[in-house]
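*Asks:* Return a 3D structure for these sequence lines:
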Amino acid sequence: MHSILLVEDNPSDARLVELIVREKMPDLRMHWVRDSQAAADALRSHSFHVVVTDLGLPDRSGTVHLGGLKEAAAETPIYVLSGEVPRQLPYRAYSKSMESLDTLALDLHQLLRFDQPA
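*Replies:* Predicted coordinates:
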């Protein structure tokens, strides 16, 4: 079974993502956490196919948050789900060992790449 770690502090936004995910992929397992520390803990104790994260979280934000996620799960793809991405963030994220940071439309089938094992 494929799984997503959703890192989002706003319950309404998390619920919206969950509704979209459940409509497209009802068998997908989604684990929701509200802050960066809980995300790092979840990544250390579980295997996820993908992380979808907000940037502005109560305990960490931006490149500090992204760097912590990459440290906790270096091989797991991380996608930013945010209304605003600061102009400097792609460069900073790249300089913090992120492969790339692009704005993208969320296509869950492409995101999970079903042909790759977890």
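*Asks:* can you pull the buried residues of stretch 15-29?
*Replies:* 17-18, 21, 28 (16 or more other Cβ atoms under 10 Å). In this view, the C-beta of every residue, glycine as well, is placed from N, C-alpha and C.
*Asks:* Surely residue 48 is in contact with residue 33?
*Replies:* No - under the criterion of Cβ atoms under 8 Å, residue 48 is not in contact with residue 33, lying 11.0 Å apart.
*Asks:* So for the two, which residues contact both of them?
*Replies:* Common neighbours of residue 48 and residue 33 (criterion: Cβ atoms under 8 Å, 6 or more residues apart in numbering): 5, 42.
*Asks:* hey, where'd the helices end up in this structure?
*Replies:* Ranges of helices in the chain, per DSSP state H, are 11-24, 36-45, 62-72, 89-95, 108-112.
*Asks:* looking at those helices, which is closest to residue 79?
*Replies:* helix 108-112 (6.6 Å; Cβ to Cβ).
*Asks:* From residue 28, how far out is residue 36?
*Replies:* 23 Å (Cβ to Cβ, to the nearest Å).
*Asks:* do residue 51 as well
*Replies:* Taking Cβ to Cβ, one finds residue 51 at 14 Å from residue 28.
*Asks:* and for those two, which residues touch both?
*Replies:* In contact with both residue 51 and residue 28: residue 4, using Cβ under 8 Å, 6+ apart.
*Asks:* still on that earlier bit, pipe the helices of the chain into JSON lines and attach mean pLDDT and distance to residue 78 per row.
*Replies:* Compiled in JSON lines, the helices of the chain are given as follows (pLDDT from 0 to 100; distance: least, Cβ to Cβ, whole Å):
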{"stretch": "helix 11-24", "mean pLDDT": "87", "distance to residue 78": "15"}
{"stretch": "helix 36-45", "mean pLDDT": "94", "distance to residue 78": "10"}
{"stretch": "helix 62-72", "mean pLDDT": "85", "distance to residue 78": "5"}
{"stretch": "helix 89-95", "mean pLDDT": "45", "distance to residue 78": "9"}
{"stretch": "helix 108-112", "mean pLDDT": "54", "distance to residue 78": "11"}
